[in-house]
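Asks: The sequence and its predicted three-dimensional model are supplied below.
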Amino acid sequence: MLRFLIRRLLTGVLVVWLISVIVFAIFFIAPHDVAQLLLGKFAAQNQQLVHTVTHQLGLDQPIYVQYGHFVGRLLHGDLGYSYYSHEPVTTLIGRAFPVTASLATGAAVIWLLCGVLIGVLSATRPRSVLDRGATLFALLGLSFPTFVLGLLLLYFLFYRLHVAGVSFFPGAGYVPLTDDPAQWAVHLILPWVTLAVATMAVYVRLTRGQLIETLGEDFIRTARAKGLRESRVTYRHGLRAALIPIVTQFGIDVATLLGGVIVTEQVFGLNGLGRMSVQAVTNSDEPVIIAVVLLAAVFVVVANIVVDLLYAVLDPRIRLS
């Protein structure tokens, strides 16, 4: 286990390093004037600022020296300075990250638990009313774009209830968890549901198909022949083995969650990483774009390592060596 973990960590570090090389090549080698690119619209307003940034970042030095400074700043937690926002990028990310983390964590818990539960109930009652209802739910969930579902929830659960004098669901905003846990959850209920529904539908179909296939395996028939209760056979043996592809899908969804978060944050006015990324692209705020790309790469690497470790926990036939 330890050797596997060390090997995966080293592989992850290699992947992040390659991403840093690619990002550096795109933003620091390809452009003709890197300082003007980093400054964006402010470059034309102050040429002295362009020369100052060029000297501060060592952009007037050889490429390999520039890359060494780039990596050195990253290792010290310096993600650069946003000249558009007039703040360090680490400050911007530190302010936006809790919002996205809260949104992603809550939505992931909802789609995983509800998706797997509905999928199990559907698989254990094939061709029943529940099974057909789960199929219909999956089709509807996959058919609704995230922004459409978000707008519908805002209209019916915020606007219509607000008109009727019920103000339970806030339409926008974010309350930090440390300030008021109850209001934190209330403000995120609609975004959580919006982000979770479409993904939950995938887990319903995936869990149903995998569990039906697993319940037909030889080891399941052996467990039943030993006289084990059907619930124990289903949940202790069948579901545990069927969770392998579900965990794989979960790792992919969590690692690539930023794409879905962008739309949800825009609809509900949440100032998280997704909305910050859109604004950075719109304003040509290159330091923020670089930081978000590197942060996303780290998320993908960590998610894959966690998924590989979960394989051995779920299936004793898998050995990490």
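Replies: The structure has been received and is ready for your questions. Numbers count the residues shown, from 1 in each chain.
Asks: Would you quantify the distance from the residue nearest to Ile63 when sequence neighbours are not counted to Asn304?
Replies: In space, and not counting its chain neighbours, Ile63 is closest to Ile29: 6.5 Å by Cβ to Cβ, 6 or more residues apart in numbering. Placement of C-beta: from N, CA and C, glycine included. The gap separating Ile29 from Asn304 is 28 Å, by Cβ to Cβ, to the nearest Å.
Asks: ok, these two, which is more surrounded?
Replies: Asn304 (18 against 11; other Cβ atoms under 10 Å).
Asks: That one belongs to a strand, doesn't it?
Replies: No - assigned with DSSP: H, G, I helix; E, B strand; the rest coil, Asn304 falls outside any strand and is helix.
Asks: where's the nearest residue to it once chain neighbours are set aside, which helix or strand?
Replies: The shortest distance from Asn304 to any non-neighbouring residue, by Cβ to Cβ, 6+ apart, is to Gly251 (6.1 Å). Gly251 belongs to helix 239-255 when assigned by DSSP states H and E.
Asks: same check, this time on Phe70
Replies: Judged by DSSP H and E, Phe70 forms part of helix 63-75.
Asks: Would you tell me what the next helix or strand after that helix is?
Replies: Trace forward from helix 63-75 with DSSP H and E and the next one is strand 81-82.
Asks: Can you list the low-confidence ranges for the stretch 51-200 of the chain?
Replies: Where the stretch 51-200 of the chain drops to pLDDT under 70, the residues are 55-57.
Asks: can you do 90?
Replies: 51-87, 104, 120-175, 177-180, 187, 195-200 (pLDDT under 90).
Asks: the helices in it, which residues?
Replies: 63-75, 89-124, 129-143, 146-153, 160-163, 181-214 (DSSP state H, counting those that start in this stretch).
Asks: Redo these as CSV? Include distance to Gly173.
Replies: Below are these laid out as CSV (distance: least, Cβ to Cβ, whole Å):
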stretch, distance to Gly173
helix 63-75, 33
helix 89-124, 10
helix 129-143, 26
helix 146-153, 15
helix 160-163, 14
helix 181-214, 6
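Asks: looking at those helices, which is closest to Arg232?
Replies: Checking the helices of the stretch 51-200 of the chain against Arg232 by Cβ to Cβ gives helix 89-124 as the closest, at 12.9 Å.
Asks: now the angle between helix 239-255 and that closest one, please.
Replies: Put simply, helix 89-124 runs at 150 degrees to helix 239-255, going by axes from the mean of the first three to the mean of the last three Cα atoms, to 10 degrees.
Asks: quick one: buried residues of helix 89-124?
Replies: 89, 92-93, 96, 98-100, 102-104, 106-108, 110-112, 115-116, 118-124 (16 or more other Cβ atoms under 10 Å).
Asks: do the same with stretch 300-311
Replies: Taking 16+ other Cβ under 10 Å as the criterion, stretch 300-311 shows Val300, Val301, Val302, Ala303, Asn304, Ile305, Val307, Asp308, Leu310, Tyr311 as buried.
Asks: now do stretch 266-276
Replies: Applying 16+ other Cβ under 10 Å to stretch 266-276 flags Gln266, Val267, Phe268, Leu270, Asn271, Gly272, Leu273, Gly274, Arg275, Met276 as buried.
Asks: What is the nearest of the residues you listed to Gly141?
Replies: Of these, the one sitting nearest to Gly141 (Cβ to Cβ) turns out to be Val267, at 16.8 Å.
Asks: Assess the claim that the closest one and Tyr155 are in contact.
Replies: No - if you go by Cβ atoms under 8 Å, Val267 and Tyr155 don't touch, sitting 11.4 Å apart.
Asks: where do the contact lists of the two overlap?
Replies: Counting by Cβ atoms under 8 Å, 6 or more residues apart in numbering, Val267 and Tyr155 have no shared contacts at all.
Asks: Could you pull up the contacting residues of Thr91?
Replies: Counting by Cβ under 8 Å, 6+ apart, there are no residues that Thr91 touches.
Asks: Tell me how far it lies from Tyr81.
Replies: Thr91 is 10 Å from Tyr81, by Cβ to Cβ.
Asks: got it, and Ser122?
Replies: 52 Å.
Asks: do Ser128 as well
Replies: From Ser128 to Tyr81 the distance is 60 Å (Cβ to Cβ).
Asks: So which of the two has more stuff around it?
Replies: Tyr81 (20 against 12).
Asks: Grab the nearest non-local neighbour of the more buried one.
Replies: That would be Pro88: by Cβ to Cβ, 6+ apart, it lies 5.5 Å from Tyr81.
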